[in-house]
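sequence and predicted structure below; questions after.
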Amino acid sequence: MVGNPTIPSLQFDVTSAPDLPGAEQEAKTIAQLLNTQPLIGPQAPRDVIVIQLPQAKVIHLATNGILENLQGLQSAITLAPSKRSDGLLTASQILQLKLTASLVVLSACDTGRGEITGDGVIKLS
């Protein structure tokens, strides 16, 4: 359970990736239902999350989404930055993960947006 991770330093105006107190509460509520601890704010760095994802049975990411219109696979979700990572997890990187979770929920802005092609919507969704 990840909710409202610390906003990474982005190359665009930070107001387009606002703090998400509702996402934090969402992660806390779901974590309580599943008897686990959520990763909130700086506790949710990208490099730690990526290591944990393949072992997770349930994944719930309540965070900001960033839509990249020209290169859809560069769309990303924001996780907390660290010394080794800028905090962005792109769609291309997500495709490389070996996930075994029975349920994955992505609760983020811009996840359903994008051009519909013969392959579907090739963005974060």
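Thanks, I have it. Numbering: from 1, shown residues only.

so what secondary structure elements neighbour the longest helix anywhere in the chain?
Secondary structure of the chain read by DSSP state H shows that its longest helix is helix 21-33. Under the contact definition 3 or more CB pairs under 8 Å, 6 or more residues apart in numbering; DSSP states H and E, helix 21-33 sits against strand 2-5, strand 39-41, strand 58-63. (Glycine included, C-beta is placed from N, CA and C.)

dump those into JSON lines; add distance to Ala23 and mean pLDDT as well.
Shown next, in JSON lines, are the helices and strands packed on helix 21-33 (distance: least, CB to CB, whole Å; pLDDT from 0 to 100):
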{"stretch": "strand 2-5", "distance to Ala23": "5", "mean pLDDT": "86"}
{"stretch": "strand 39-41", "distance to Ala23": "9", "mean pLDDT": "92"}
{"stretch": "strand 58-63", "distance to Ala23": "4", "mean pLDDT": "93"}
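
most tightly packed of those strands?
Most buried of the helices and strands packed on helix 21-33, by mean neighbour count (mean count of other CB atoms under 10 Å): strand 2-5, with a mean of 27.
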